[in-house]
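>>> One predicted model, sequence on top.
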Amino acid sequence: MGSGGRLVGATGAAGRLRLFALSGIVTVLVTRAFLALTGYPRLGGAGGRLHIAHMLWGGLLMMAATLLALGLLGRPVRSACAVVGGVGFGLFIDEVGKQVTDEPGYFYRPAAGIIYATFAALLVLTRLLRHRAPLTAEQRSARAADLALTGVTSGLDEERRQAALRLVEGSERPVDEALVRLLRTLPERRPSAVRRRRAGIDRVTALLRRAARHRLVLALSVLCVLTEAVLFTLWLTLGALDGELAREPQRGALVGVLVSSLVATVLGAAGLVRLRTDRAAALRLVRAALLADILVGQIFKFTINQFASVTELAFDLCVLWVISVSATGPAPAGRDRRGDPLIPAY
């Protein structure tokens, strides 16, 4: 809690929530693939009556993550909790079909859409955490103290020390002056192997960002968004006209895909028209078109096609990354897009 009882976000909360969500996503995909390859085995063989749902193992892992978070200090523990809790949540949500219907249970078709919507909401939450208002003085002090606590137990590397000092630099508040003295006296920690690998990843990411801002790459990405939306709209419209869609068991989901595709087509076409005259507005429109598909259309596509939609989703996410990089310029060195000091992830 901050002053007056206000909540203060933990340092690196968005990154850990993203790690939680990605761990859960990988767990669902691996679990589904393993069960499909092994023929959905049961204890005691095909006729065995004993069945231990993997939802139970998920609950145990989430409990383990909670106990770790309650009983231990430090950023490494928080990251471990995010992974363990994410795996547990993935095992839990994978069996949502059994909880919302009696038949056909695990193979309930809307379950894939429910699972997708859940993780999409989690990832949207990480974006909201990253794009809040600039930090108040109390929040900056709390984050600097959080980093200092990590340094007390395991030392601070120079990059993280400087990031913490930037949080309270220039402040004349007694608590901030005390934090500056503490941060400067904490033992130094040599960069870990993870940090060294991270430096290499950052260099590769910088190269990819430069490539994403190339005119040809951007133009192809915009065309991909519009082409995909138009093709889905035409396919579903023709299917509706010849009566083929009326025979589909998931007609409601097909209508959802059609509506989201129409919205994406209109937004994408508007963005393409404005690309020469107002690049920033055009990219916002194209990004909105892609988000209409990713956040709405894909829920219905997963309901229809189940997890076969993962390939299309991966492609859409790559295109979204290209457009987002082109739409937002580079952040100031050492600072995030709000102007606050950038805290290293590891």
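Arrived safely, thanks for sending. Quantities reported herein were computed from a predicted structural model and do not represent experimental measurements.
>>> use CA for all of it now, contacts and neighbours both
Fine.
>>> per-domain residue ranges of this protein.
Taking the TED database as the domain assignment, the ranges for the chain are 13-39+52-129, 137-185, 210-327.
>>> and V204, which of those domains is closest to it?
Between V204 and these, the shortest gap by CA to CA is with domain 210-327, which sits at 10.1 Å.
>>> returning to what we had before: how about the domains of the chain in CSV, adding distance to R203 and mean pLDDT?
As requested, the domains of the chain are arranged in CSV below (distance: least, CA to CA, whole Å; pLDDT from 0 to 100):
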stretch, distance to R203, mean pLDDT
domain 13-39+52-129, 19, 86
domain 137-185, 16, 85
domain 210-327, 11, 84
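>>> export these to JSON lines and tack on distance to I201 and mean neighbour count?
Compiled in JSON lines, those are given as follows (distance: least, CA to CA, whole Å; neighbours: other CA atoms under 10 Å):
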{"stretch": "domain 13-39+52-129", "distance to I201": "16", "mean neighbour count": "18"}
{"stretch": "domain 137-185", "distance to I201": "16", "mean neighbour count": "18"}
{"stretch": "domain 210-327", "distance to I201": "14", "mean neighbour count": "18"}
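>>> Those: which one's closest to D202?
The minimum distance between D202 and the domains of the chain falls on domain 210-327, with 12.4 Å, by CA to CA.
>>> And stretch 68-77, how far out from the chain middle?
For stretch 68-77, the distance between its averaged C-alpha position and the chain's averaged C-alpha position is 22 Å (CA atoms, centre = their mean, to the nearest Å).
>>> could the domains of the chain be laid out in CSV, adding distance to G200?
Supplementary listing: the domains of the chain in CSV, determined by distance: least, CA to CA, whole Å:
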stretch, distance to G200
domain 13-39+52-129, 19
domain 137-185, 16
domain 210-327, 16
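>>> give me the element V175 is part of.
When secondary structure is defined by DSSP states H and E, V175 falls within helix 174-185.
>>> Send me that helix as PDB with only the CA atoms.
Output in PDB follows, covering the C-alpha atoms of helix 174-185 (Å, rounded to 0.1, in the frame of the first residue of the first chain):
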ATOM      1  CA  PRO A 174      14.300  12.200   3.800                       C
ATOM      2  CA  VAL A 175      13.200   8.700   2.800                       C
ATOM      3  CA  ASP A 176      14.600   9.100  -0.700                       C
ATOM      4  CA  GLU A 177      17.900  10.500   0.600                       C
ATOM      5  CA  ALA A 178      18.100   7.400   2.900                       C
ATOM      6  CA  LEU A 179      17.400   5.100  -0.100                       C
ATOM      7  CA  VAL A 180      20.200   6.800  -2.100                       C
ATOM      8  CA  ARG A 181      22.700   6.100   0.700                       C
ATOM      9  CA  LEU A 182      21.500   2.500   1.000                       C
ATOM     10  CA  LEU A 183      21.600   1.900  -2.700                       C
ATOM     11  CA  ARG A 184      25.200   3.200  -2.900                       C
ATOM     12  CA  THR A 185      26.400   1.000  -0.100                       C
END
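>>> which residues are contacting that helix?
For helix 174-185, contacts defined as CA atoms under 8 Å, 6 or more residues apart in numbering pick out 141, 144-145, 148, 151, 161, 164-165, 168-169, 171.
>>> same question, stretch 304-322
With CA under 8 Å, 6+ apart as the test, stretch 304-322 has contacts from 109-110, 112-113, 209, 212-213, 217-218, 221, 225, 250, 253-254, 287, 290-291, 294, 298, 301-302.
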